[in-house]
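Trainee: Got a sequence here, can you model it:
(2 chains)
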Amino acid sequence: MCREPCFPQLIALGLSLVCGTYARAARAVHEDRLSYTPGELAAIYRHSPLSALPADPTNRYADNTEAAKLGQFLFFDRRLSADGQVSCATCHQPARAFTDGRKLARGITVGTRNTPSVIDAAFGHWFFWDGRADSLWSQALQPFENPREAGTDRLHIAHLVYDDPPLRAAYRRLFGSLPDLDDFRRFPAHARPDADERLPVARAWASMTAADRYAINRLFSNLGKAIEAYERRLIDPGSPFDRYVAALRAGDAAGQNVISAAAERGLRLFVGIANCELCHSGPTFSDGQFHNIGLPVLPGEAPDPGRSTGIGLLIANPFNGTGPFSDDRTGQSRNRLAFLPSPQSQLGAFKTPDLRNVALTAPYMHDGRFATLSQVLDFYAQGKAASHGRLVGVREQTANLVPPLDDRQKSELIAFLRTLTGDPLPRSLTQAPAHP
Amino acid sequence: MRRQTALSLVVASAAMCVAATVCSGTPVAPMAGMHMSASAEPDAGPTRQAYTLNHAFLIELRAVPRPIPFEKYFTLEFVVYDGRHPTKALTDTHLKVTAGMRHGLKHGFAHGMQSTPRIRAKRGLFTVAGMYFHMAGPWTLRVDVERNGRKGTAYFTLPCCGQ
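Mentor: Numbering: from 1, shown residues only, chains lettered A, B, ... in the order given. Below is the predicted model:
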């Protein structure tokens, strides 16, 4: 026994001081951190990281670098519109996570639906709020001829590409020769198919031979494929939530401080009792499917049948996955169209939106009716009572699984949703390139 | 009232039947009086046989992918037997298959599938293509059978999706 503090005791004392200090430091990191159940952890891990980009066999140029460059040029090119003022980027603005901040999209004139983001769109199964396109390239074509969006026609676009030397050269390098568009008897300045056959553009289209219409459709579809190649590069580079999940996986306690304790509690609600992830599932926080959540028709608003109409438009579209311009007409595309649900079952159903960058993409819902995330959560938290008034179709009972949420829970969910804001995309992807 | 009682009996006996199927690893041989229905845990195997609620038919789920793929189309195969003599597969039978998730509902589905399966029948084997589960958890399969004006409905539980 030592009368004075002896060496071993000093070592023990020192160790205890060091350990105590370390323990206090560790507590400072862990103090208000949640510990998750294995089930919660498994659910959280399903949301991050983003999985590998799914292939699009319907577009053989989907991952072609030159096609992406051409697509990016087209995305920002206002000449591809009736008034020369509207491009894809008019509504899909890079600074707003490729949305426009408007209740309803505005191209040539005001549209009927809210602008969804293009970031991570390449992970989607179906496109538009109503699923009327089954590929990103097919989706990209429709706004050009929508009178509320770019309002132009495929012949106008074909002539523009033909008459612009850099565009024409870029097109030829990728897709081969263009039709002889100098011949205006065969290829009018303006023409497109239209449900109203009395329109001059529709009559001009009908006057063309089947072979020439096919050639123009081929050209048009190639431009869509180039735009898809660009959009496939608009992938969320990672968010605080992704870094949090990486820290969770690594057992890195300090790394978990990247999100707040409130956001952590919101995450637990999201994957737990709030039942958000029933539909907002997977790395993009969307099941990519369609649900009628019982949004009542707003005063003065026309009832929107949603996917019920989208299914018919998809089947009739020659640019769908089984059409003559698809590069994979017999694979998965065939199944997807063969097994579509009945339109009646999809009345009033809209696609589950991706929640990555959701804090940047207000307003919300297909018609932009909610200005804030708080209003969105108020809607869900009210349950059936929120669906009063005139409904289109039947409110899916899945929506009833969101329990009443108190103000604290709602603010925690919002704190979590804000952690899904991704890092900025590189400037090289968010502006028009000088050349196609 | 009678219907509720029948449903309760089916649910009460379901866990035992599902466990027997999982343990054997192969389809259980048809047995008179055996009921199965939608009460398996999400990580349990799928129901492999079920009587229609009126016992008119026994339906065997002959083939099901394990695990069921998430957000991918898959195919099921069924064989239908006479409920009183469950030894010979019936061939002159009509089958209708729907699927959905109950999410706690006693009757009906909170939501269905986002696909319309197509059924082909060949020598008593019903091939159901185009099944598609877009949500994790236990799905309930409703199989409606009709033969010579006689009808029956059976329920199967299919857990989605090995996550």
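Trainee: does whichever residue of chain B sits closest to chain A count as helix, strand or coil?
Mentor: Going by Cβ to the nearest Cβ, chain A is nearest to B:G130 of chain B, at 3.4 Å. C-beta coordinates here come from the backbone N, C-alpha and C atoms, glycine included. Three-state call for B:G130 (DSSP: H, G, I helix; E, B strand; the rest coil): strand.
Trainee: For it, which residues are in contact?
Mentor: If you count contacts by Cβ atoms under 8 Å, 6 or more residues apart in numbering or on different chains, B:G130 has them with A:N335, A:A338, A:F339, B:Y73, B:T75, B:S115, B:T116, B:P117, B:R118.
Trainee: residue boundaries of the strands in the chain?
Mentor: I went with chain A, as the question did not name one. A:290-291, A:350-351 (DSSP state E).
Trainee: sorry, should have said chain B
Mentor: B:49-51, B:57-63, B:73-82, B:94-101, B:111-112, B:118-122, B:125-132, B:137-147, B:150-160.
Trainee: Name the stretch among the ones you listed that sits most buried.
Mentor: The highest mean neighbour count among the strands of chain B, using mean count of other Cβ atoms under 10 Å in any protein chain shown, belongs to strand B:49-51: a mean of 26.
Trainee: In its sheet, which strands sit next to that one, and in what direction?
Mentor: In the sheet, strand B:49-51 lines up against strand B:57-63 (antiparallel) (DSSP bridges).
Trainee: The strand it pairs with versus strand B:73-82: what angle between them?
Mentor: Counting by axes from the mean of the first three to the mean of the last three Cα atoms, to 10 degrees, strand B:57-63 lies at 150 degrees to strand B:73-82.
Trainee: pLDDT (mean, whole number) over strand B:57-63?
Mentor: When pLDDT is averaged over strand B:57-63, the result is 97.
Trainee: which non-adjacent residue is nearest the residue of chain B closest to chain A?
Mentor: A:F339 (3.4 Å; Cβ to Cβ, 6 or more residues apart in numbering or on different chains).
Trainee: contacting residues for the one you found?
Mentor: B:Y73, B:S115, B:T116, B:P117, B:R118, B:A129, B:G130, B:Y132.
Trainee: and if you look at A:G393?
Mentor: Applying Cβ under 8 Å, 6+ apart, the residues contacting A:G393 are A:N292, A:P305, A:G306, A:S308, A:Q346, A:L347, A:G348, A:A349.
Trainee: any idea how far it lies from A:S342?
Mentor: Noted for A:G393: a distance of 12 Å to A:S342, by Cβ to Cβ, to the nearest Å.
Trainee: In this structure A:P343 contacts A:G312, no?
Mentor: Yes: counting by Cβ atoms under 8 Å, A:P343 does reach A:G312; the two are 6.2 Å apart.
Trainee: what does chain B have sitting close to chain A?
Mentor: Taking Cβ under 8 Å from any Cβ of the partner chain as the test, the list of chain B residues beside chain A reads B:71, B:73, B:101, B:103-105, B:109-118, B:129-130, B:132, B:134-137, B:163.
Trainee: Identify the residues contacting the residue nearest the centre of chain A.
Mentor: Nearest to the geometric centre of chain A sits A:A121, at 3.7 Å (Cα atoms, centre = their mean). Residues in contact with A:A121, defined by Cβ under 8 Å, 6+ apart, are A:F127, A:L136, A:E231, A:L234, A:D354.
Trainee: again, 10 Å this time
Mentor: A:92, A:98, A:127, A:136, A:139-140, A:228, A:231-232, A:234-235, A:284, A:354 (Cβ atoms under 10 Å, 6 or more residues apart in numbering or on different chains).
Trainee: Check those residues and tell me the two furthest apart.
Mentor: A:A140 and A:T284 (18.9 Å; Cβ to Cβ).
Trainee: More neighbours: which of these two?
Mentor: Neighbour comparison, A:A140 and A:T284: the larger count goes to A:A140, with 27 against 23 (by other Cβ atoms under 10 Å in any protein chain shown).
Trainee: what's the spacing between the closest residue to the more buried one other than its chain neighbours and A:L74?
Mentor: With Cβ to Cβ, 6+ apart as the criterion, A:A140 has its nearest non-adjacent residue at 4.0 Å, and that residue is A:I227. Using Cβ to Cβ, A:I227 is found at 6 Å from A:L74.
Trainee: quick one: common contacting residues for these two?
Mentor: With Cβ under 10 Å, 6+ apart, A:I227 and A:L74 have common neighbours A:C88, A:A140, A:F144.
Trainee: Kindly format the C-alpha coordinates of stretch A:293-303 as PDB.
Mentor: Listed next in PDB are the C-alpha coordinates belonging to stretch A:293-303 (Å, rounded to 0.1, in the frame of the first residue of the first chain):
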ATOM      1  CA  ILE A 293     -55.800  11.400 -51.600                       C
ATOM      2  CA  GLY A 294     -59.200  13.100 -51.700                       C
ATOM      3  CA  LEU A 295     -58.300  16.700 -52.600                       C
ATOM      4  CA  PRO A 296     -61.600  18.400 -53.100                       C
ATOM      5  CA  VAL A 297     -62.200  20.400 -56.300                       C
ATOM      6  CA  LEU A 298     -61.400  24.000 -55.600                       C
ATOM      7  CA  PRO A 299     -64.000  26.700 -56.300                       C
ATOM      8  CA  GLY A 300     -63.600  27.800 -60.000                       C
ATOM      9  CA  GLU A 301     -61.300  24.900 -60.800                       C
ATOM     10  CA  ALA A 302     -62.300  22.300 -63.300                       C
ATOM     11  CA  PRO A 303     -62.400  18.700 -62.000                       C
END
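Trainee: what comes up buried for it?
Mentor: A:I293, A:G294, A:L295, A:P296 (16 or more other Cβ atoms under 10 Å in any protein chain shown).
Trainee: With adjacent residues omitted, what lies nearest to the last one?
Mentor: By that I understand A:P296. Nearest to A:P296 is A:G389, by Cβ to Cβ, 6+ apart, at 3.7 Å.
Trainee: Ramachandran coordinates for that neighbour?
Mentor: phi 100, psi -160 (degrees, to the nearest 10).
Trainee: wait, it sits on A:L298?
Mentor: Yes: using Cβ atoms under 10 Å, A:G389 is in contact with A:L298, at 8.7 Å.
Trainee: what bridges to B:V145?
Mentor: Bridge pairing for B:V145 - DSSP bridges - gives B:L95, B:G152.
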